[in-house]
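In: Have a look at this prediction, sequence included:
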Amino acid sequence: MLVTVSGPVPRWATAGKRDQRTRPSATRFGRFTEMLARHYGTQVSAWSVWNEPNHPQFLLPQFTKRGTTREYTAAKLYRQLFQQGEAGLTKGGTRAPVLLGETAPRGTATAVAPLAFLRTALCLNAQYKKRSSCGRLKADGYAHHAYTTRGGPFFTPPANDDVTIGVLSRLNSALAKAEKAKALPSGTDVWLTEFGIQSWPDTRLGVSPQQQAEYRSISEQLAYRSGRVRMFSQYLMRDDLPRPGSEIQRYSGFESGLRGHGGDAKPSYEGFRLPLVATRGGRATTLWGVVRPTTRGTSVTIDYRNGSRGSWRRLKTDRSNTRGVWSTTTSASTSRQYRVRWTAPDGTTFTGPPTRSYRAP
């Protein structure tokens, strides 16, 4: 169980006592986390300090104007919150990891970009040189929400301080530089504590149900190959309920669930159990997947069909490693679709959704 201790907070716990997000008291936050650790500590596997502190919905002010420049005020506030929060959790007796960050993926006119936020919270300048007056934060990992757009997992945001799932290397590089500057402990893991692909019925931001399953699987493969990623989570299980108003207002929540708001399973529901990625090259297509859950090597059967309505035929079987991950190749084809079948130890057979091949950029 991951517990994220976050704002908004009671008004009396802020500096101005006017709202629930502006300059929350780090001292009182530390007292609160201590009590949480004392009460819930034995049930918690990891703690995270604050949800999306680089977003104005959770922490204010994000910026403070000084002359012609803007300071990243939220990041400075967050450093104090993290220090007091981590100290409170430790005093409360927790032995679970305490995570820094849980940052939103992109900066805007009102939100600080995640890497700019990271540098400021760690007292680093643009060249990742640390101010001598700042010590190293006692963080056991860095949490991030690597959401992408409907452009898919390979989307590359133009702003270099943004981090979506397709450019996790930016975050890996930033953490390596922060470790070198002695702003973070060496070997800081990345925890992708929130991730999902928006789908229909949100036609403005979402993709088709089949694409959702395919994009989610590709995203998991990118996380698996990242090297630093320790956790890759799914948000949500079930879509938010529609809201009154226009279509934009109706689907202004999250349609990233594995089930629709009515409870019906989308293709990504079985795609979460059996992720499958088909990457098409010049002469061959590489098939990669995961069996979830398994803690030992297991056999999977891969099927194919020509087009979207042809009959399924058995292609081959393959065997996973102890983490459930497997990979194989087949001849390149632009028209084929693939699926995976797996028989669990209790004899139940599960079938993943149809998956098209993609050409990686």
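Out: Cool, the structure landed.
In: and the spatially closest residue to residue 95 that is not a sequence neighbour, what does it touch?
Out: Using C-beta to C-beta, 6 or more residues apart in numbering and skipping residues adjacent in sequence, the residue nearest residue 95 is residue 41, 7.8 Å away. For every residue, glycine as well, the C-beta is placed using N, CA and C. Applying C-beta atoms under 8 Å, 6 or more residues apart in numbering to residue 41 gives the contacts 92, 93, 94, 95, 96.
In: so the third one sits in a strand?
Out: It stands for residue 94. No. Going by DSSP: H, G, I helix; E, B strand; the rest coil, the assignment for residue 94 is coil, not a strand.
In: State the distance from it to residue 335.
Out: 54 Å (C-beta to C-beta, to the nearest Å).
In: Same drill for these two, tell me which one is more crowded.
Out: residue 94 (23 against 11; other C-beta atoms under 10 Å).
In: Hmm, the more buried one is touching residue 47, no?
Out: Yes. The pair residue 94 / residue 47 is scored as a contact, 6.5 Å apart, by C-beta atoms under 8 Å.
In: Need the residues touching each of those two.
Out: residue 37.
In: and the gap between residue 93 and residue 85?
Out: 15 Å.
In: three-state assignment of the residue nearest to residue 95?
Out: Classified using three-state DSSP, residue 41 is helix.
In: Just the pLDDT for it.
Out: Residue 41 is assigned a pLDDT of 91 by the prediction.
In: Distance of it relative to residue 101?
Out: Residue 41 is 21 Å from residue 101, by C-beta to C-beta.
In: doesn't residue 312 make contact with residue 305?
Out: Yes. Residue 305 lies in contact with residue 312 (C-beta under 8 Å); the separation is 5.0 Å.
In: For stretch 51-64, which residues meet the burial criterion?
Out: Using 16 or more other C-beta atoms under 10 Å as the test for burial, stretch 51-64 gives 51, 52, 53, 54, 55, 56, 58, 59, 60, 61, 62, 63.
In: OK, contacts around the second one?
Out: This means residue 52. 58, 102, 103, 104, 145.
In: in what helix or strand does it lie?
Out: In this assignment (DSSP states H and E), residue 52 forms part of neither any helix nor any strand.
In: For the helix or strand encompassing residue 85, name the packing helices and strands.
Out: Taking DSSP H and E as the definition, residue 85 sits inside helix 73-91. Applying 3 or more C-beta pairs under 8 Å, 6 or more residues apart in numbering; DSSP states H and E, one finds that helix 73-91 contacts helix 26-40, strand 46-49, strand 98-103, helix 114-121.
In: what distance separates it from the centre of its chain?
Out: Computed by C-alpha atoms, centre = their mean, to the nearest Å, the chain-centroid distance of helix 73-91 equals 22 Å.
In: any idea of the angle that helix forms with helix 114-121?
Out: 70 degrees (axes from the mean of the first three to the mean of the last three C-alpha atoms, to 10 degrees).
In: what angle sits between helix 73-91 and strand 98-103?
Out: 160 degrees.
In: quick one: contacts of helix 73-91?
Out: 5, 23-24, 26-27, 29-37, 47, 49-50, 53-54, 59-64, 98, 100, 112, 116-123, 137-139.
In: tilt between it and helix 26-40?
Out: 40 degrees.
In: quick one: secondary structure of residue 286?
Out: What three-state DSSP gives for residue 286 is strand.
In: That one bridge partners, please.
Out: Taking DSSP bridges as the rule, residue 286 bridges to residue 279, residue 329.
In: And for residue 349?
Out: Where residue 349 sits in a bridge, its partners, by DSSP bridges, are residue 343.
In: so who does it touch?
Out: The contact partners of residue 349, taken as C-beta under 8 Å, 6+ apart, are 341, 342, 343.
In: Pull out the buried members of these.
Out: If we count by 16+ other C-beta under 10 Å, the contacts of residue 349 have these buried: 341, 342.
In: could you dump the contacts of residue 349 to CSV with pLDDT and distance to residue 285?
Out: Shown next, in CSV, are the contacts of residue 349 (pLDDT from 0 to 100; distance: C-beta to C-beta, whole Å):
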residue, pLDDT, distance to residue 285
341, 98, 18
342, 98, 20
343, 97, 24
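In: from the contacts of residue 349, which is closest to residue 180?
Out: residue 342 (42.8 Å; C-beta to C-beta).
In: Check the gap between the closest one and residue 324 for me.
Out: Taking C-beta to C-beta, one finds residue 342 at 9 Å from residue 324.
In: Overlap in contacts, these two.
Out: Shared contacts of residue 342 and residue 324 (C-beta under 8 Å, 6+ apart): 291, 298.
In: give the contact list for the residue nearest to residue 131 when sequence neighbours are not counted.
Out: With sequence-adjacent residues excluded and distances taken as C-beta to C-beta, 6+ apart, residue 131 is closest to residue 123, at 4.3 Å. Contact partners of residue 123, counting by C-beta under 8 Å, 6+ apart, are 79, 130, 131, 133, 134, 183.
In: May I ask you to confirm that residue 101 is in contact with residue 140?
Out: No. Because the distance of 11.3 Å does not satisfy C-beta under 8 Å, residue 101 is recorded as not touching residue 140.
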